[in-house]
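> Quick one: sequence plus predicted model below, questions after.
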Amino acid sequence: MAVLRDQGRLQATIDQLSALHFNTLYPVVWNSGFAYYPSAVTQRRGIQSFTYLGLQGQDLLADISARARQSGLLVIPWFEFGFMAPPSSELVAKNPAWLTRKRDGGTTSITAAGEVVWLNPFHPDVQAFITELVLEIVGSYDVDGIQFDDHMVLPRDFGYDPFTVALYRKEAKKDPPANPQDPAWVTWRAGKITAFMARLRQAVRERKPNAIVSISPNYYDFAYRLQLQDWLTWVRRGIVDEVVVQLYRPDLASFESQLERPELAESQRLIPTAIGIMAGQRSSPVPLERIEAQTRAARGRGIGAVYFYLESLWRLAPEPAPVRLDGFRELFPTPAPRRQP
C-alpha cells in the first residue's frame, strides 16, 4: 500500500510496470470493512470516520487511475473483502443484524486474514450496501471494471441466522438441514449468491456499459463445495467477463496439475481467463525461478497471468531487485495483449 500512497513512487512504479509490458492493475478498494477511497457511501452510513488519502492528500484511486491511463494500463479495482469483515470493525458494530451464523450460533471463521465474520449475502440490506459501494467505484472513477475474489462467498457452515432460516422455511417449506454439506442446502445458498451477482452485474453495466466484471476465485470444486461460489455458472450465464483463478501453489507440479482442470478449459473458451500466481509475501518470499516456471506453464496453455502482489514482484523478494526485473523482462519481451471480453 505504501508504494501507492506517494505520488512519486506511484509514478515510478507505473512507469516500470508499463515498460515491463504489464497491462492491468487491480488496486484494493474494499478491505477490513473500510473503503480505500473517499467513500460517500460509508460516510453516509456512519461506518468510516476517516478517509484514506495519499501522502500528498490525493484520492488514491483517482490518482492511480489517471496515471495508469496515461501509461496504457487498465485499472480494475479489487473489492477484496467482499462479504468478509473483521469482528471489531465499525461496519460490524453498527450493523450486527447483517451477520450470518453457523448452526451452533458462532459468527466467526479463521481465514488467511485472521478471524473474520461474514455479512449475510442473502440479506437485502447487505446486498444494497455492497451494490452501493460497487456502483460508487465504477460510477465515480475512470476505471475499467471491478474485481471480486474468493471472499464474495459464504463458507458453507454459515446460513443459520434467523433471517436466512426464515427465508429458507418460506421457500423450501422446511427447516434448513442440520448438515451444512447437505446438497440441496448447498445448492439453495449458492443459487442465492448467483442471483445476487447477476443483479449486481446488471447494475454495474447500467452504470458503466463497458465495465469488466472480473472474479478471482479458488478452483471450482473447492469454491462451490466449501464457499458456495458457483463461479462456473457465473461464467456460463455471462454474469462475469473475466476469471483469474487463484493457483497459489508451492511448486510447479501441483500448479500444472491444476491447469488441467476442465472448468479452466471451459472458462478459457468462453471469456478471458488467467491464473493468479503468488509472487511472494512478507513472511514467505517466492523465488523468481518458481514465478517464471508457473508463468510459462500457464502461457503454454494460452492462459494469462496475474501476480499477487505488487510489492513482492521485485521487493520483499529473495533475489535482488535488478535480478527480478531482468526476469520479468525475459518473461514479457513484447507487450502482452489483453483479450477483450
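Yes, it's here. Source: prediction; values computed, not measured. Numbering: from 1, shown residues only.
> Taking the centroid of this protein, which residue is nearest it?
Asp149 (2.7 Å; Cα atoms, centre = their mean).
> pretty sure it contacts Gly82?
Yes. Between Asp149 and Gly82 there is a contact at 6.8 Å, judged by Cβ atoms under 8 Å. C-beta: built from backbone N, CA, C; applies to glycine.
> Can you show me the helices along the stretch 201-341 of the chain?
220-227, 231-236, 252-259, 262-270, 288-300, 311-314, 321-331 (DSSP state H, counting those that start in this stretch).
> Quick one, grab the pLDDT at Asp149.
If you check Asp149, the pLDDT there is 95.
> so what's it bridging to?
Ser216 (DSSP bridges).
> dump the residue contacts of it.
78-80, 82, 215-217, 246 (Cβ atoms under 8 Å, 6 or more residues apart in numbering).
> Kindly report the same for Gly82.
30, 130, 148-149, 151-153.
> Just these: which are in helices?
Ile130 (DSSP state H).
> Phe148 contacts Ser214, correct?
Yes. Assessed by Cβ under 8 Å, Phe148 is found in contact with Ser214 at 7.4 Å.
> What separation do you get for the closest residue to Arg315 other than its chain neighbours and Ala279?
Computed as Cβ to Cβ, 6 or more residues apart in numbering, the closest residue to Arg315 that is not its neighbour in sequence is Ala321, at 6.5 Å. Separation of Ala321 from Ala279 (Cβ to Cβ, to the nearest Å) stands at 13 Å.
> Over to Pro320?
Taken as Cβ to Cβ, the span from Pro320 to Ala279 is 15 Å.
> Have a look at the two and say which one is more surrounded.
Ala279 (27 against 10; other Cβ atoms under 10 Å).
> got a list of what that one touches?
286, 291, 307-309, 312-313, 317.
> Name the member of those residues with the most neighbours.
Leu313 (25 neighbours).
> contacting residues for that residue?
Taking Cβ under 8 Å, 6+ apart, one finds 279-280, 307, 324, 328 in contact with Leu313.
> Pull the most distant pair out of the residues you listed.
Gly280 and Phe328 (13.1 Å; Cβ to Cβ).
> wait, isn't Leu90 in contact with Phe50?
Wrong residue type there; residue 90 is Glu, not Leu. No. Taking contacts as Cβ under 8 Å, Glu90 lies outside contact range of Phe50: 10.0 Å.
> Looking at the two, which one has more neighbours?
Between Glu90 and Phe50, counting by other Cβ under 10 Å, Glu90 is the more crowded of the two (17 against 8).
> phi, psi of that one?
Its backbone dihedrals place Glu90 at phi -60, psi -40, with angles given as degrees, to the nearest 10.
> That one - nearest residue in space that isn't next to it in sequence?
Nearest to Glu90 is Ile47, by Cβ to Cβ, 6+ apart, at 4.7 Å.
> before we move on, what SS does that neighbour have?
coil (DSSP: H, G, I helix; E, B strand; the rest coil).
> Could you report the neighbour count for the closest residue to Ser89 other than its chain neighbours?
Among residues not flanking Ser89 along the chain, Gly33 sits closest, at 3.3 Å (Cβ to Cβ, 6+ apart). When neighbours are counted by other Cβ under 10 Å, Gly33 registers 24.
> Check what pLDDT Gly33 gets.
Value for Gly33, per-residue pLDDT: 95.
> and if you look at Ala40?
Ala40 is given a pLDDT of 96.
> Can you name the residues that contact it?
Counting by Cβ under 8 Å, 6+ apart, Ala40 has contacts Glu136.
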